[in-house]
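Q: pasting the sequence and the predicted model now:
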Amino acid sequence: MYPTDITETQWQYMEKILLPQPRKRKHDLKEIWNAIFYLVKTGCQWRMLPKDYPKWELVYYYFRKWSVLEEFDLLLGHLRSKVRVHLGQNAAASVGIIDSQSVRWGNNTSLNGIDGNKKVKGIKRHVVVDKNGFLIAIMITVANIHDSKAAILLMRVLKELCSSVKTIIADGGYRGELAQYVRKTFGYVLQVVISNYSKQGFRPIKKRWVVERTFAWLDTNRRLCRNYETTFDAAEEMVKIATIRLLLKKFKQALIIFE
């Protein structure tokens, strides 16, 4: 039993959403999920998974299978909606916050670029979160892609998810003609919020600061402190898994009253 393992109550809820095919298995799917959560949290290599879990080849097989079947997206969407309802909010978010995070490379075989502004060689995570900081959409690019250019692709991802988001709050990096293009093409209102605080130092901006907290949450997972994935798809799935674990852990008491 590891601290990253999910409880039986959490697993019962996940089963209701994922509806795994009933058949005789050598290893319980719950143990597969536990192994994936362990890997994301501790940052170990696939081959270095503890012997208490199923063989790493089997765990990796299910990781790739569930990625293709979009099981992580399905579970994340349901969890986010249920948690929002428990917090007294609408199940679907109407406001999103967009931002990016430059992440240093940890694998020299993966694609990477250089963010000249932050002096970071690696990738960029472009995300849209709700007002609680819960992930809605994510897209990975090399670090040298400007936020305004990546935002167009991210809006397309958000549209494909059939999201109910209507207004998106952004920082000054998304200024210019982008707002008009996004509204005309995707129907989203892009609201750029710029701080009027001119003194040196950091001061959080109302509503927009939650996305910075999301990045802080992600960085508590050692697999996400650097980019160790060889593909952008795998890097995106790792972020989704970290968010799923966050919701399960943060609101595990609330899961008991979920239908």
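A: Thanks, I have it. Numbers count the residues shown, from 1 in each chain.

Q: may I ask which helix or strand encompasses the residue lying closest to A234 once chain neighbours are set aside?
A: Leaving out its chain neighbours, the residue that sits closest to A234 by Cβ to Cβ, 6 or more residues apart in numbering is S67, at 7.4 Å. For glycine as for every other residue, the C-beta is placed from the backbone atoms N, C-alpha and C. S67 is located in helix 56-68, with elements delineated by DSSP states H and E.

Q: hang on, the earlier thing: residues touching the residue nearest to A234, list them.
A: Taking Cβ atoms under 8 Å, 6 or more residues apart in numbering as the criterion, S67 is in contact with D233, A234, E237.

Q: next, the first one: phi, psi?
A: D233 has phi and psi values of phi -60, psi -50 when expressed as degrees, to the nearest 10.

Q: what residues are up against it?
A: D233 makes contact with S67, according to Cβ under 8 Å, 6+ apart.

Q: quick one: stretch 1-19 to chain centroid distance?
A: Averaging C-alpha positions (Cα atoms, centre = their mean, to the nearest Å) puts stretch 1-19 19 Å from its chain's average.

Q: neighbours of I140, how many?
A: 23 (other Cβ atoms under 10 Å).

Q: so it sits in a strand?
A: Yes - under DSSP: H, G, I helix; E, B strand; the rest coil, I140 falls within a strand.

Q: any idea how far it lies from H78?
A: Computed as Cβ to Cβ, to the nearest Å, the I140 to H78 distance reads 23 Å.

Q: thinking again about what came up before, just give me how far the helix holding S67 sits from the chain centre.
A: On the basis of Cα atoms, centre = their mean, helix 56-68 sits 18 Å off its chain's mean C-alpha point.

Q: doesn't G176 belong to a strand?
A: No - read with three-state DSSP, G176 is coil and lies in no strand.

Q: OK, contacts around it?
A: G176 touches S148, counting by Cβ under 8 Å, 6+ apart.

Q: begin at 470 from now on, thanks
A: In the new count, where the first residue is 470, that last one comes out as G645.

Q: from E629, how far off is it?
A: On the measure of Cβ to Cβ, G645 and E629 end up 24 Å apart.

Q: what of F701?
A: Taking Cβ to Cβ as the measure, F701 falls 16 Å from E629.

Q: between the two, which has more neighbouring residues?
A: Ranked by neighbour count (other Cβ under 10 Å), F701 and E629 place F701 first, with 16 against 9.

Q: just to revisit the earlier point, okay, the helix holding S536 in PDB with CA atoms only?
A: Provided in PDB are the C-alpha atoms of helix 525-537 (Å, rounded to 0.1, in the frame of the first residue of the first chain):
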ATOM      1  CA  TRP A 525       5.600  -2.300 -16.200                       C
ATOM      2  CA  GLU A 526       4.900  -3.600 -19.700                       C
ATOM      3  CA  LEU A 527       1.300  -4.200 -18.800                       C
ATOM      4  CA  VAL A 528       0.900  -0.900 -17.000                       C
ATOM      5  CA  TYR A 529       2.300   0.900 -20.000                       C
ATOM      6  CA  TYR A 530       0.100  -1.000 -22.400                       C
ATOM      7  CA  TYR A 531      -3.000   0.200 -20.500                       C
ATOM      8  CA  PHE A 532      -1.700   3.700 -20.300                       C
ATOM      9  CA  ARG A 533      -1.400   3.800 -24.100                       C
ATOM     10  CA  LYS A 534      -4.700   2.100 -24.600                       C
ATOM     11  CA  TRP A 535      -6.600   4.400 -22.300                       C
ATOM     12  CA  SER A 536      -4.900   7.400 -24.000                       C
ATOM     13  CA  VAL A 537      -6.200   6.300 -27.400                       C
END
